[in-house]
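Participant: Okay, predicted coordinates and the sequence, questions at the end:
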Number of protein chains: 2
Amino acid sequence: MFKKILIAEDFQDTNKGIVNALENRLQIEEIQEELYCDKAYNRFKLAFNEGEPYELLITDLSFKEGPAARKLTSGQALIKAVRDIDPNIKVIVNSMIDNPVEINPLFTDLKINAYVCKGRNGLNELVTAIQEAYQNRTYVSPQINLNSANTIFELDKYDRMILQDLAEGLTKKEISEKLKRQNISPNSESTIDKKVSRLFDAFGAKNIQHLIAKLIKEGRI
Amino acid sequence: MFKKILIAEDFQDTNKGIVNALENRLQIEEIQEELYCDKAYNRFKLAFNEGEPYELLITDLSFKEGPAARKLTSGQALIKAVRDIDPNIKVIVNSMIDNPVEINPLFTDLKINAYVCKGRNGLNELVTAIQEAYQNRTYVSPQINLNSANTIFELDKYDRMILQDLAEGLTKKEISEKLKRQNISPNSESTIDKKVSRLFDAFGAKNIQHLIAKLIKEGRI
DNA sequence: TAATCCCTTACGGATTTCCGTAAGGGATTA
DNA sequence: TAATCCCTTACGGAAATCCGTAAGGGATTA
């Protein structure tokens, strides 16, 4: 079993719950818990340079700002930074996000080994995830259906940009002018009009404010 | 010190962290943890009826749906239900919400004794909150400034209702018709037009979608 | 008691939105 | 090679939005 695990989690009560479970249920010998991404990164780097690396990183995704300036502001940034040091480090994400569209890239882009969704069975799932990761198997909390991520209408970068501009109060005319200034194509007012209409159909929205409201609530913009 | 405490928290890792701290740092004799509001309510009611009531309720605010149907879907609902049984029950809310506008009503309406914001110092604050509540003193996590809640432009019920309808894609004309059907006054299209314009000014929004986007992101609707 | 304030309501003009129709052109398919 | 598909772009009509002006009326104030 893993002997040396690093935990990055900014909630103290959650942190203690995890440490408690790892000690009592998995008898992990060496557990280091950090509340800040930067500190977790420094811990990881130091241990790696001393020839006694951490074998597993367990991290949350969102980290509240603290009093000190931060280089690494999220779990995703921490994973990337840590992978620069050790490309083969095993990573488990333990977060409250349950949207497959947001979880999928953690596997495809960040190559995590397991995803545990915080919930009523979260510690049990985390214990299982650690065991599976040790056996080189991928694990995802059972209630998460990653396959649905591929059937959900996904916003591309262009659509998202338009939507963000609309949410900022710009008119379609203003967005068109902005895209023309930035040499981004396509950029006519009609194109934007048409694309927004197609998004109405895709998301079942009646007008711009309905669409914006839906997408913000779903965490897409 | 309290001898019998009931905890309602739907994340297992957080739950265990809290129980661990209460046992090790406060030597609380009897701690009951529940993952569901309904179960926490039933526990409370049963203990009260047996003449051995819980002295303190520590609850989160948001609870994910589970497989079973729920009567009580939130910490707020649980607090209200529990207060119906014992109006003098002491309550500590332990949640990740840090918006004073959302925290203030917990004190003014639900009469909670303490609010602990989940964070890096969360367990320490929770321990302090329990001690303060025992001494009949109010406690709020230090980083929360409740006084700022009173300077923030607050939406009244009418405004909120209009905004929610706009976010649902209804036009001002449709909202006017709806208010007339429901005999809610005022209800003219012009009034709605004027009120929305005043909200533009109050929140610095350029149009409806800008306003809706801001308010959803701020957690006001 | 009269003046003032502010809300509700109406109206209208300019702009934007929503949606349908249509043309051009590049890529794909038969 | 011709037909088809789909995107981009344009245009126009009806509806909605945005915003200014104005009147009526209830409550407040001098």
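Facilitator: Happy to help now that I have it.
Participant: Which helix or strand in chain A has the lowest average pLDDT?
Facilitator: The least trusted helix or strand in chain A, going by mean pLDDT, DSSP states H and E, turns out to be helix A:100-108, with a mean of 82.
Participant: Only the buried residues of it, if you could.
Facilitator: Within helix A:100-108, the residues that qualify as buried are A:100, A:101, A:103, A:104, A:106, A:107, counting by 16 or more other C-beta atoms under 10 Å in any protein chain shown. All C-beta atoms are positioned from the backbone trio N, CA, C, and that covers glycine.
Participant: Quick check: of these, which lies closest to DNA strand C?
Facilitator: residue A:101 (24.0 Å; C-beta to the nearest atom of the strand).
Participant: you'd agree that closest one is up against residue A:220?
Facilitator: Yes: with contacts counted by C-beta atoms under 8 Å, residue A:101 reaches residue A:220, the gap being 7.4 Å.
Participant: dump the residue contacts of residue A:175.
Facilitator: Listed by C-beta atoms under 8 Å, 6 or more residues apart in numbering or on different chains, the contact partners of residue A:175 are A:162, A:165, A:166, A:192.
Participant: before we move on, back to that, show me what the least confident helix or strand of chain A is packed up against.
Facilitator: Under the contact definition 3 or more C-beta pairs under 8 Å, 6 or more residues apart in numbering or on different chains; DSSP states H and E, helix A:100-108 sits against strand A:114-117.
Participant: Which SSE is immediately downstream of the strand it packs on?
Facilitator: Sequence-wise, the next helix or strand downstream of strand A:114-117 (DSSP states H and E) is helix A:122-134.
Participant: Contacts for that next one next, please.
Facilitator: In contact with helix A:122-134 (C-beta under 8 Å, 6+ apart) are residues A:1-2, A:5, A:17-18, A:21-22, A:25-26, A:56, A:58, A:90, A:92, A:94, A:113-117, A:119, A:138-139, A:141-142, B:11-13, B:16.
Participant: I'd like to know which of those residues are part of strands.
Facilitator: Judged by DSSP state E, those include A:5, A:56, A:58, A:90, A:92, A:94, A:114, A:115, A:116, A:117, A:139 as members of strands.
Participant: Closest one to chain B out of those, please.
Facilitator: Nearest to chain B among those, counting by C-beta to the nearest C-beta, is residue A:94 at 7.5 Å.
Participant: Thought residue A:112 was touching that closest one, still the case?
Facilitator: No: using C-beta under 8 Å as the test, residue A:94 is too far from residue A:112 to be in contact (10.5 Å).
Participant: that older thread, which one of the contacts of residue A:175 is nearest residue A:204?
Facilitator: Taking C-beta to C-beta as the measure, residue A:204 lies nearest residue A:166 of the contacts of residue A:175, at 17.1 Å.
Participant: Surely the closest one and residue A:210 touch.
Facilitator: No: applying C-beta under 8 Å as the test, residue A:166 and residue A:210 come out as separate, 11.7 Å apart.
Participant: Looking at the two, which has the bigger crowd around it?
Facilitator: residue A:166 (26 against 21; other C-beta atoms under 10 Å in any protein chain shown).
Participant: sorry, back to before: among the contacts of helix A:122-134, name the buried ones.
Facilitator: For the contacts of helix A:122-134, buried by 16+ other C-beta under 10 Å: A:2, A:5, A:17-18, A:21-22, A:26, A:56, A:58, A:90, A:92, A:94, A:113-117, A:119, A:139, A:141, B:11-13, B:16.
Participant: near DNA strand C, from the residues you listed?
Facilitator: Counting by C-beta under 7 Å from any atom of the strand, nothing from the buried ones among the contacts of helix A:122-134 sits close to DNA strand C.
Participant: got a list of what the most centrally placed residue in chain A touches?
Facilitator: For chain A, residue A:61 is the residue whose C-alpha lies nearest the centre (C-alpha atoms, centre = their mean; 5.2 Å). Contact analysis of residue A:61 by C-beta under 8 Å, 6+ apart lists A:74, A:75, A:76, A:93, A:95, A:97.
Participant: quick one: stretch A:158-171 near DNA strand D?
Facilitator: No: Stretch A:158-171 lies out of reach of DNA strand D by C-beta under 7 Å from any atom of the strand, never closer than 7.5 Å.
Participant: With just CA atoms, put that stretch into CSV.
Facilitator: Provided in CSV are the C-alpha atoms of stretch A:158-171 (Å, rounded to 0.1, in the frame of the first residue of the first chain):
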residue,chain,number,x,y,z
TYR,A,158,-16.2,30.6,-29.6
ASP,A,159,-19.7,30.0,-28.2
ARG,A,160,-18.5,30.5,-24.7
MET,A,161,-16.8,33.7,-25.6
ILE,A,162,-20.0,35.1,-27.2
LEU,A,163,-22.0,34.1,-24.2
GLN,A,164,-19.6,35.6,-21.8
ASP,A,165,-19.8,38.9,-23.7
LEU,A,166,-23.6,38.8,-23.7
ALA,A,167,-23.5,38.1,-19.9
GLU,A,168,-21.3,41.2,-19.6
GLY,A,169,-24.1,43.3,-21.2
LEU,A,170,-22.7,43.7,-24.7
THR,A,171,-25.2,43.8,-27.6
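Participant: For it, buried residues please.
Facilitator: Across stretch A:158-171, burial judged by 16+ other C-beta under 10 Å covers A:159, A:161, A:162, A:163, A:165, A:166, A:167, A:168, A:169, A:170, A:171.
Participant: repeat for stretch A:113-132
Facilitator: Buried-residue list, stretch A:113-132, by 16+ other C-beta under 10 Å: A:113-123, A:125-130, A:132.
Participant: quick check: domain ranges of chain A?
Facilitator: Chain A breaks down into these domains under automatic domain parsing: A:4-149, A:157-217.
Participant: that older thread, ok and the least confident helix or strand of chain A relative to strand A:90-95, angle-wise?
Facilitator: Helix A:100-108 runs at 170 degrees relative to strand A:90-95, counting by axes from the mean of the first three to the mean of the last three C-alpha atoms, to 10 degrees.
Participant: filter the buried residues of stretch A:113-132 by proximity to DNA strand D?
Facilitator: On the criterion C-beta under 7 Å from any atom of the strand, none of the entries of the buried residues of stretch A:113-132 sits beside DNA strand D.
Participant: Run a quick check on residue A:33 versus residue A:12, I expect a contact.
Facilitator: No: applying C-beta under 8 Å as the test, residue A:33 and residue A:12 come out as separate, 9.2 Å apart.
Participant: Around DNA strand C, which positions in chain A sit nearby?
Facilitator: Residues of chain A lying near DNA strand C (C-beta under 7 Å from any atom of the strand): A:166, A:171-174, A:190, A:193, A:196-197, A:200, A:206-209.
Participant: Mark which of those residues are part of helices, please.
Facilitator: Those of these mapping onto helices are A:166, A:172, A:173, A:174, A:190, A:193, A:196, A:197, A:200, A:208, A:209, per DSSP state H.
Participant: Make a ChimeraX selection of the buried ones in these.
Facilitator: In ChimeraX, this line selects whichever of these come out buried by 16+ other C-beta under 10 Å:
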select /A:166,172,196,200,208,209
